[in-house]
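J.: fold the stuff below for me.
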Amino acid sequence: MCDATSTQPTVTLREFAQQEYTGAPLTEMVHVRISKPLAVFLKATALTEGLSESTVVRFACQQWASSQGYSRSCV
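T.: The predicted model follows:
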């Protein structure tokens, strides 16, 4: 968690994908097990948005972490 105020504006999935490359390098890998329905949803969302499944998952994780007090500037 971070003491910085959480004033990050909500971004869309497409905006997140474009901004993602200006941040820290994507060097860490995490493997998770998910249910089949969730996997289908993530794949469908990625196809609909024209993005990778990884980007969709990172976006969802970033949104959740931000709601829990995470800030990219405090890492």
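
J.: so which elements touch the host helix or strand of Gln18?
T.: According to DSSP states H and E, Gln18 maps onto helix 13-19. Helix 13-19 is packed against helix 36-49, helix 53-67, with contacts defined by 3 or more Cβ pairs under 8 Å, 6 or more residues apart in numbering; DSSP states H and E. The C-beta positions use only the backbone N, C-alpha and C, and glycine is treated the same way.

J.: name the residues that touch stretch 53-65?
T.: For stretch 53-65, the external contacting residues (Cβ atoms under 8 Å, 6 or more residues apart in numbering) are Leu13, Phe16, Ala17, Glu20, Leu42, Lys43, Thr45, Ala46, Glu49, Tyr70.

J.: count the neighbours of the fifth one for me.
T.: For Leu42, the neighbour count with other Cβ atoms under 10 Å is 16.

J.: number the chain from 31, please
T.: Let's use 31 as the start, then, which means that last one is Leu72.

J.: what sits against it?
T.: Residues near Leu72 by Cβ under 8 Å, 6+ apart: Ile64, Glu83, Val86, Val87.

J.: thinking again about what came up before, so which of the helices and strands packed on helix 43-49 is the most packed in?
T.: Of the helices and strands packed on helix 43-49, the one with the most neighbours on average (mean count of other Cβ atoms under 10 Å) is helix 83-97, at a mean of 15.

J.: what mean pLDDT does it have?
T.: Mean pLDDT, helix 83-97: 91.

J.: with just CA atoms, put that helix into PDB.
T.: The C-alpha trace of helix 83-97 is given here as PDB (Å, rounded to 0.1, in the frame of the first residue of the first chain):
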ATOM      1  CA  GLU A  83      -5.300 -12.000 -23.000                       C
ATOM      2  CA  SER A  84      -2.300 -10.900 -20.900                       C
ATOM      3  CA  THR A  85      -3.200  -7.200 -21.400                       C
ATOM      4  CA  VAL A  86      -6.800  -7.900 -20.300                       C
ATOM      5  CA  VAL A  87      -5.700  -9.800 -17.200                       C
ATOM      6  CA  ARG A  88      -3.100  -7.000 -16.300                       C
ATOM      7  CA  PHE A  89      -5.800  -4.400 -16.700                       C
ATOM      8  CA  ALA A  90      -8.200  -6.300 -14.400                       C
ATOM      9  CA  CYS A  91      -5.400  -6.800 -11.800                       C
ATOM     10  CA  GLN A  92      -4.400  -3.100 -12.000                       C
ATOM     11  CA  GLN A  93      -8.000  -2.000 -11.500                       C
ATOM     12  CA  TRP A  94      -8.400  -4.300  -8.500                       C
ATOM     13  CA  ALA A  95      -5.000  -3.400  -7.000                       C
ATOM     14  CA  SER A  96      -5.800   0.300  -7.400                       C
ATOM     15  CA  SER A  97      -9.100  -0.200  -5.500                       C
END
